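Peer 1: Got a predicted structure here, sequence first:
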Amino acid sequence: MAVIERLVAFDPGSVATGWCFFLSGEYREGGVFLGVGDDFGERRHSIRQQVCETLLRLNTEEGDIDIVAVEEPMGRSMDTKGKLVTIAADIESAASSLGIPYLEGRVRPHEWHAEVKRAAQLQADVGIKALGLAIARAHTGRELMSQDESDAYWICKFMLHNARRGDG
């Protein structure tokens with residue numbers, strides 16, 4: 001994998017989608033896109049529009065984004081997973097429409113969980129998401145960082161770790 005200077009990661013959600021931008025290996029900014037509307041179609045359109053606007057802004061202000069990474073959707077039900085897969089595909093489509101490459105094959109939760117464990121020098125997965133949130137907040141100074149943004153933060157860390165190793 002080539003050197004990654006500008007990386008955007010997403011944690012897709014049908015109501016809230018977390019995102020994070022890293023520049024030269026460091027957290028730069030992130031947040032959550034909230035889907036607006038009562039039904040999934042409206043929220044989907046709203047999230048896609050926010051993704052497009054943010055990718056376009058970052059590409060313009062920070063230089064060409066090297067890659068977009070998206071978490072592999074996990075859902076408790078087939079309906080939920082289907083919605084998350086649709087949002088993930090919309091994110092990849094938005095990147096592609098702007099000429100921004102995206103990672104073929106999404107980042108699985110256990111992959112970025114390993115980054116949290118590495119950072120905390122842990123062996124077990126106990127409380128991994130809460131721990132990841134606490135570490136991400138400490139690393140970025142963002143006390144109000146959401147869990148969705150934290151997940152995207154760790155996807156970035158996973159991507160950067162593997163880029164340094166030459167995996168990916």
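Peer 2: Cool, the structure landed. Residues are numbered from 1 along each chain as shown.
Peer 1: can you give me the mean pLDDT across stretch 31-45?
Peer 2: What stretch 31-45 shows for mean pLDDT is 96.
Peer 1: got the contact list for it?
Peer 2: 13-19, 46-47, 50-51, 54, 83, 86-87, 90, 146, 148-149 (Cβ atoms under 8 Å, 6 or more residues apart in numbering). C-beta coordinates here come from the backbone N, C-alpha and C atoms, glycine included.
Peer 1: Which ChimeraX command selects the buried ones in those?
Peer 2: Command for ChimeraX that selects the buried part of these, burial taken from 16 or more other Cβ atoms under 10 Å:
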select :13,14,16,17,18,19,46,47,50,51,54,83,86,87,90,146,148,149
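Peer 1: Could you tell me which of the contacts of stretch 31-45 belong to strands?
Peer 2: 16-19 (DSSP state E).
Peer 1: which SSE is Trp112 in?
Peer 2: Taking DSSP states H and E as the criterion, Trp112 maps to helix 109-120.
Peer 1: Provide the contact partners of that helix at residue level.
Peer 2: Contacts of helix 109-120 with the rest of the structure, by Cβ under 8 Å, 6+ apart, involve 71-72, 74, 122-125, 128, 131-132, 135, 151, 154-155, 157-158, 161.
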